[in-house]
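**Student:** give me a 3D structure for the following:
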Amino acid sequence: MRERGAKQHFSIQALQICDAFLVWLGFVIAAAIHGPIRQQLGMSPSSESGLEGMTWIIFIVVPLTPLVLERFGFYDRLLSRQRFQSVSMLFRAMLTVILIITLVVVFGKYSETRRLVLGSGLLFSSILLWVRSRVTTRFLRSRAASEGYLERVVLAGTTEETGAFLEDLESGVLETWKIVEHFDLEARAVDELDELIKKESVQRVVFLTGHAEFERVARAVETCEVQGVEAWIGATFLRTQVARPSFDAVGGRPMLVFRSTPELSWQLFAKKLVDVFGALALVVFGAPFWIAAIIGIKLASPGAPVIFTQQRAGLYGKPFRIYKFRTMVPDADRMLEEIKEEHGNEVDGPAFKLASDPRIFPFGKFLRKFSIDELPQMINVLKGEMSLVGPRPLPLHEIEAIEKSSHRRRLSMKPGVTCLWQISGRSDITDFDEWVKLDVAYIDRWSIWEDFRILIKTVPAVLFSKGAR
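**Tutor:** Sure thing, here's the model as predicted:
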């Protein structure tokens, strides 16, 4: 099993790209010092550069090595794998690469110099790959030691079933989990599991219910599905409307997994890169707007903070503090109930929107019109709490007011600065069901290209204040 904790920080594709670069770097180092090596070995000097004539060999070695490493399990069990296991896997993989390249060298009739660079290049590449492996493992273990990075898991089964499961479970997996509760599905109602998932921001439920009624298990899986929480169960046949079934294994037991959110892949890694570089670009190139906003707020509303912060619901409902330029008068939060009683709510549902909210001061309206007030959320993006694209994060009190568990599925992806709602009329959408429908549609059809499409459409939506209030 490839540990999910590892996949949260490093996709397999990202590690393979990194390793391909290290292989190339190993050959560059070998080429740079091949002259001194020849002297130490008593060989005659060579007028050729180290990499001369080896381009197509490198084109083979660089992409081939990560593929062979994957074949030997070098990217599996990053947390629980021992040092000697890494060395063994690396040694066997590199022997395979050497065998393949040796055949190429023999039939290609390469000169002595090129063979020297080839041999030392493979040696340096092996050293760099081993160092990368150790650094990755130590990083993951240090993250796993921090409770903030642990995956919140519920074990659903009897005491005997969960106990036997934990005995068989590898220690490396347990290092990435925070077991929130052992939930006996035979003795407790499915509604209790629904409330537990909400209360504890659960990310995965592992069902170990060999003797529970099939109908009860099915309803429990549905509870996970509608909230976007992964359900891992040792069942053979279950039908779902949204979640995609896939097989995996944990603790040596086969599991049928139902995911209603995008599976970790190179696209999610690309999304992280876009988030980081995009947020940095908006901080650097948007500096004039930051400065103008700070000065304007100070002049328009003196004596109050420039930055407004509020607890919002993040991934799986986990609270985080969002940053925005303040657009309302001080103590606006405490005035909310009074505003609702006097002016009502233009949104049907738990979210609150009001076109002419009296709490917004004039310069704040200007900031909101062009979404300048959202710029400090780049800090949240850089902290990993938000993404550039994703469902908008709601205040905690609005999340608590959600009545339909299916609406919580919008929490199963990291919240974003912009979303389908943003480019589809923003505040013109007054039905919370329609709002959630857009968020769920985004989750179901998500791809990195969909993010690019939304980002591109966000620009005119902001410039022309489409639906802004």
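**Student:** please enumerate the helices of the stretch 201-350 of the chain.
**Tutor:** 214-226, 266-285, 287-300, 336-343 (DSSP state H, counting those that start in this stretch).
**Student:** can you check the stretch 1-150 of the chain too?
**Tutor:** Along the stretch 1-150 of the chain, the segments classed as helices by DSSP H, counting those that start in this stretch run 4-9, 12-32, 34-40, 55-71, 83-108, 112-144.
**Student:** how about the ones you listed in CSV, adding mean pLDDT, mean neighbour count and distance to R152?
**Tutor:** Backbone N, C-alpha and C define where each C-beta goes, glycine included. Shown next, in CSV, are the helices of the stretch 1-150 of the chain (pLDDT from 0 to 100; neighbours: other Cβ atoms under 10 Å; distance: least, Cβ to Cβ, whole Å):
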stretch, mean pLDDT, mean neighbour count, distance to R152
helix 4-9, 44, 20, 12
helix 12-32, 88, 19, 24
helix 34-40, 66, 14, 53
helix 55-71, 85, 17, 29
helix 83-108, 82, 15, 29
helix 112-144, 81, 18, 13
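**Student:** thinking again about what came up before, deepest-packed of the helices of the stretch 201-350 of the chain, please.
**Tutor:** Ranked by mean neighbour count under mean count of other Cβ atoms under 10 Å, those are led by helix 214-226, which reaches a mean of 19.
**Student:** can you map out the strands along the stretch 301-450 of the chain?
**Tutor:** 307-313, 319-325, 387-389, 416-418 (DSSP state E, counting those that start in this stretch).
**Student:** turn those into a markdown table, columns for mean neighbour count and mean pLDDT.
**Tutor:** A markdown table is the format used below for those (neighbours: other Cβ atoms under 10 Å; pLDDT from 0 to 100):
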| stretch | mean neighbour count | mean pLDDT |
| --- | --- | --- |
| strand 307-313 | 17 | 93 |
| strand 319-325 | 18 | 95 |
| strand 387-389 | 26 | 95 |
| strand 416-418 | 25 | 93 |
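**Student:** go through the ones you listed and name the closest to I60.
**Tutor:** Closest approach to I60 among these is made by strand 387-389 (37.3 Å; Cβ to Cβ).
**Student:** partners of that closest one, with directions?
**Tutor:** Using DSSP bridges, strand 387-389 pairs in its sheet with strand 416-418 (parallel).
**Student:** ok, which of the strands of the stretch 301-450 of the chain comes nearest E151?
**Tutor:** For the strands of the stretch 301-450 of the chain, distance to E151 was read as Cβ to Cβ. The smallest value, 16.8 Å, belongs to strand 319-325.
**Student:** so what strands line up beside the closest one?
**Tutor:** Applying DSSP bridges, one finds strand 319-325 paired with strand 307-313 (antiparallel).
**Student:** now find how far off-centre the partner strand is within its chain.
**Tutor:** 21 Å (Cα atoms, centre = their mean, to the nearest Å).
**Student:** contact partners of that strand?
**Tutor:** Identification of contacts with strand 307-313 by Cβ atoms under 8 Å, 6 or more residues apart in numbering yields 319-328, 333, 376, 393-396, 399, 411, 415.
**Student:** also stretch 67-75?
**Tutor:** With Cβ under 8 Å, 6+ apart as the test, stretch 67-75 has contacts from 2, 12, 15-16, 19, 86, 89-90, 92-93, 96-97, 129, 133.
**Student:** tell me which of those is nearest to I423?
**Tutor:** I12 (32.5 Å).
**Student:** what's the spacing between the closest one and C18?
**Tutor:** Distance, I12 to C18, using Cβ to Cβ, to the nearest Å: 11 Å.
**Student:** can you list the weak-confidence ranges in the stretch 201-350 of the chain?
**Tutor:** Scanning the stretch 201-350 of the chain for pLDDT under 70 picks out 210-212, 234-245, 254, 263-265.
**Student:** what's the span of stretch 395-415, first residue to last?
**Tutor:** For stretch 395-415, the first-to-last residue distance is 12 Å (Cα to Cα, to the nearest Å).
**Student:** how close does G278 sit to F452?
**Tutor:** G278 sits 11 Å away from F452, going by Cβ to Cβ.
**Student:** if you could redo that for G349, that was the one I meant.
**Tutor:** Taking Cβ to Cβ, one finds G349 at 30 Å from F452.
**Student:** looking at these two, which one has more neighbours?
**Tutor:** More crowded of G349 and F452, by other Cβ atoms under 10 Å: G349, with 20 against 13.
**Student:** surely the more buried one and R410 touch.
**Tutor:** No: if you go by Cβ atoms under 8 Å, G349 and R410 don't touch, sitting 11.9 Å apart.
**Student:** tell me the mean pLDDT for the helix or strand hosting E167?
**Tutor:** Here E167 sits within helix 159-168, counting by DSSP states H and E. Across helix 159-168, the average pLDDT comes to 84.
**Student:** in it, what counts as buried?
**Tutor:** 161-162, 165 (16 or more other Cβ atoms under 10 Å).
**Student:** just to revisit the earlier point, in CSV, list the strands of the stretch 301-450 of the chain along with distance to W232.
**Tutor:** Formatted as CSV, the strands of the stretch 301-450 of the chain follow (distance: least, Cβ to Cβ, whole Å):
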stretch, distance to W232
strand 307-313, 24
strand 319-325, 25
strand 387-389, 25
strand 416-418, 27
